[in-house]
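Participant: here are the coordinates; sequence isn't available:
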């Protein structure tokens with residue numbers, strides 16, 4: 001007994017302290033909140049691992065080790081539990097997430113499709129089941145699993161496009177029979193083809209990437225005309241943003257049956273923003289910035305910049321000078337963007353990305369782009385702009401029913417601003433008198449030459465233009481145009497035959513009537529924008545029509561005095577116009593159309609335009625009051641939720657002298 005007592009005493013002395021040193025089997029450890037947040041929010045899409053919610057379900061059914069060793073068998077077991085009524089939303093989400101993970105690891109497409117179906121069952125359960133809570137963090141993940149699963153499940157063998165067609169697809173537990181109506185491919189007189197999954201594309205060259213979070217696989221489609229088209233139309237190489245949606249009725253019941261019937265829908269994002277599912281309005285997932293960047297990535301507009309400057313007859317290769325970002329929309333104000341010298345419509349990308357993604361603007365305005373051969377004489381290109389706009393209005397609204405078309409806005413950058421001004425002034429005989437001492441009708445030149453000169457030099461304001469915005473516009477010329485390099489390059493420009501023939505007749509038959517020295521006479525846009533050019537000076541002094549509101553956005557480099565500043569191409573004094581409704585000074589270089597302060601000013605002007613005319617003459621669509629949010633393209637977006645754009649230093653607008661406002665954003 002004494003030995004036993006000593007043994008117990010030894011145990012208490014030796015072992016109890018050791019046992020006490022061991023922590024409790026359940027407890028907590030204090031860590032950074034960010035660590036806990038990462039554990040709670042990590043999922044297969046953001047971190048490549050199952051979420052905490054899915055791990056919980058695996059643990060409840062003792063399937064953790066099975067999934068690690070034999071994922072297909074574990075998924076089959078969980079599927080049987082779910083379809084037999086032994087589970088609900090938790091199991092549906094887990095099946096969606098783990099099927100997607102297994103598809104990634106195995107490369108088997110059928111598990112991507114299964115993931116999409118399970119996610120759909122979670123998002124839109126049968127009527128008898130409860131729906132996910134609005135604040136359930138799994139809700140957005142499930143939508144992304146559906147979108148990504150559908151995209152991957154319908155990809156072509158090489159993975160470059162999504163194939164939209166009717167057909168039967170294998171599933172881990174049966175088959176999926178898809179119905180797709182081919183007529184859905186027809187849009188605005190064109191057939192949509194070659195659907196590229198834009199979620200796979202990384203965007204560069206745009207400051208912000210905008211997306212509309214919702215349901216469906218976001219795509220960018222090529223468009224092929226069904227028949228020959230003439231006049232105003234959607235840009236020929238424009239990619240069309242679209243969303244594919246696989247609609248499944250009674251998903252849980254069909255999953256239990258083993259053969260799932262579904263309808264594949266194609267929605268053009270420019271037309272449809274929402275769909276009805278189970279009586280609810282559900283937004284469609286749309287990648288608005290990606291489709292724009294993809295359009296420009298494969299566009300020939302960049303090649304046209306220099307070629308269009310040097311070859312004045314390039315219009316023959318690009319016959320459609322005026323094109324839209326989307327088909328003509330009745331009830332929306334046209335915004336016509338006119339680029340500058342040796343430039344193209346592609347240079348508006350940053351501004352369009354910001355404005356088109358602002359629902360307040362997108363639903364009340366339509367963006368049109370005017371492309372021209374910028375080496376041609378400025379007055380000749382302005383004539384083409386007037387002709388294109390007049391023809392388009394007659395084409396799309398011959399009966400003049402659309403009041404919004406009568407309130408057009410034209411925005412011109414650099415030389416484009418000069419073209420814009422020549423749509424809102426009455427030239428009278430000012431321009432002609434600055435060019436010639438003899439009346440046109442007395443000129444000894446062929447009648448067809450006189451007709452061209454009359455169209456170029458004599459014009460009235462276009463009645464449907466109500467607002468113009470001049471951006472870095474050289475109203476009194478560009479000092480860069482008088483430099484030796486610019487004039488040397490300008491000498492390489494080949495002009496259209498009609499211009500060459502007309503100028504030739506003037507120089508050979510009426511040289512003495514010209515105000516310019518015939519021996520030094522030069523034509524082309526660079527010579528036309530040289531300071532002191534009499535025609536340009538006459539245009540600068542020609543008043544803008546009183547019906548039209550005009551705005552100036554003037555770039556000035558550095559932080560020195562504005563009045564003696566310039567943007568590297570145009571001085572402030574050349575860009576300044578008296579009598580405009582507003583003038584904004586932006587501290588930037590000449591290509592200020594992409595500057596945040598410039599874009600914000602254009603946004604302000606357009607919203608002001610809509611506020612004025614929607615209340616007076618046009619029945620406008622209701623729009624939200626808030627501005628858009630976006631994710632900066634330099635950052636990796638872990639989920640589909642939009643985030644506030646990071647712009648660096650935000651433009652600070654302050655009242656300046658003579659009613660000017662200065663944008664103090666950094667260049």
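Facilitator: In hand now; what should we look at? Fair warning: this is a prediction, and the values are worked out from it, not measured in the lab.
Participant: how much space between residue 182 and residue 160?
Facilitator: Residue 182 sits 21 Å away from residue 160, going by Cβ to Cβ, to the nearest Å. C-beta here means a position set from N, CA and C on the backbone, and glycine is covered the same way.
Participant: give me the domain ranges for this protein.
Facilitator: 39-290, 300-623 (automatic domain parsing).
Participant: got those as JSON lines, with mean pLDDT columns?
Facilitator: Shown next, in JSON lines, are the domains of the chain (pLDDT from 0 to 100):
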{"stretch": "domain 39-290", "mean pLDDT": "93"}
{"stretch": "domain 300-623", "mean pLDDT": "85"}
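Participant: dump the ones you listed into JSON lines; add mean neighbour count and distance to residue 28 as well.
Facilitator: JSON lines is the format used below for those (neighbours: other Cβ atoms under 10 Å; distance: least, Cβ to Cβ, whole Å):
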{"stretch": "domain 39-290", "mean neighbour count": "19", "distance to residue 28": "13"}
{"stretch": "domain 300-623", "mean neighbour count": "19", "distance to residue 28": "45"}
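Participant: adding distance to residue 30, write the ones you listed out as a markdown table.
Facilitator: Below are the domains of the chain laid out as a markdown table (distance: least, Cβ to Cβ, whole Å):
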| stretch | distance to residue 30 |
| --- | --- |
| domain 39-290 | 14 |
| domain 300-623 | 43 |
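Participant: residue 33 is nearest to which of those?
Facilitator: domain 39-290 (10.3 Å; Cβ to Cβ).
Participant: which phi and psi does residue 217 have?
Facilitator: phi -90, psi 110 (degrees, to the nearest 10).
Participant: check contacts around it.
Facilitator: 147, 150-151, 154, 162, 197, 199, 243-245, 285 (Cβ atoms under 8 Å, 6 or more residues apart in numbering).
Participant: what about those, which are in helices?
Facilitator: 147, 150-151 (DSSP state H).
Participant: shouldn't residue 413 be in contact with residue 343?
Facilitator: Yes - at 7.4 Å, residue 413 counts as touching residue 343 under the criterion of Cβ atoms under 8 Å.
Participant: can you give the contact residues for stretch 384-399?
Facilitator: With Cβ under 8 Å, 6+ apart as the criterion, stretch 384-399 contacts 231-232, 315, 321-322, 328, 330, 336, 338, 368, 370, 372, 402, 405, 408, 419-420, 422-423, 455, 459, 462, 464-465.
Participant: just the contacts of residue 217 now: which is nearest residue 442?
Facilitator: residue 243 (63.3 Å).
Participant: wait, a helix at residue 583?
Facilitator: No - according to DSSP: H, G, I helix; E, B strand; the rest coil, residue 583 belongs to no helix; its state is strand.
Participant: how about residue 263: what's its closest non-neighbour residue?
Facilitator: residue 247 (4.7 Å; Cβ to Cβ, 6 or more residues apart in numbering).
Participant: double-check that residue 247 belongs to a helix.
Facilitator: No - with three-state DSSP as the criterion, residue 247 is assigned strand and is not in a helix.
Participant: need the contact list for it.
Facilitator: Per Cβ under 8 Å, 6+ apart, neighbours of residue 247: 262-265, 277.
Participant: counting by contacts, list what whichever helix or strand residue 366 is part of packs against.
Facilitator: Using DSSP states H and E, the element containing residue 366 is strand 365-370. Judged by 3 or more Cβ pairs under 8 Å, 6 or more residues apart in numbering; DSSP states H and E, the packing partners of strand 365-370 are strand 322-324, strand 333-338, helix 349-356, helix 378-396.
Participant: turn these into TSV, including distance to residue 105.
Facilitator: Below are the helices and strands packed on strand 365-370 laid out as TSV (distance: least, Cβ to Cβ, whole Å):
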stretch	distance to residue 105
strand 322-324	45
strand 333-338	48
helix 349-356	36
helix 378-396	53
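Participant: what's the closest of the ones you listed to residue 273?
Facilitator: helix 349-356 (13.3 Å).
Participant: on the C-terminal side of that closest one, identify the next helix or strand.
Facilitator: Counting by DSSP H and E, what follows helix 349-356 is helix 359-362.
Participant: element containing the residue nearest to residue 133 when sequence neighbours are not counted?
Facilitator: Of all residues not flanking residue 133 in the chain, residue 139 sits nearest, at 7.7 Å (Cβ to Cβ, 6+ apart). For residue 139, the enclosing helix or strand under DSSP H and E is helix 138-153.
Participant: what's that helix packed up against?
Facilitator: Using 3+ Cβ pairs under 8 Å, 6+ apart, helix 138-153 sits against helix 89-106, helix 109-123, strand 217-225, strand 240-248.
Participant: ok, the residue nearest to residue 263 to residue 344 distance?
Facilitator: For residue 247 relative to residue 344 (Cβ to Cβ), the value is 41 Å.
Participant: next: residue 383.
Facilitator: Relative to residue 344, and taking Cβ to Cβ, residue 383 is found at 20 Å.
Participant: what angle separates the one helix or strand residue 611 maps to from helix 349-356?
Facilitator: Assigning secondary structure by DSSP H and E places residue 611 in helix 596-614. Angle between the axes of helix 596-614 and helix 349-356 is 40 degrees (criterion: axes from the mean of the first three to the mean of the last three Cα atoms, to 10 degrees).
Participant: could you check the angle strand 365-370 makes with helix 596-614?
Facilitator: Using the same axes, to 10 degrees: helix 596-614 against strand 365-370 is 120 degrees.
Participant: which helices and strands does helix 596-614 pack with?
Facilitator: strand 333-338, helix 349-356, helix 359-362, strand 408-413, strand 465-471, strand 549-555, strand 582-586, strand 661-663.
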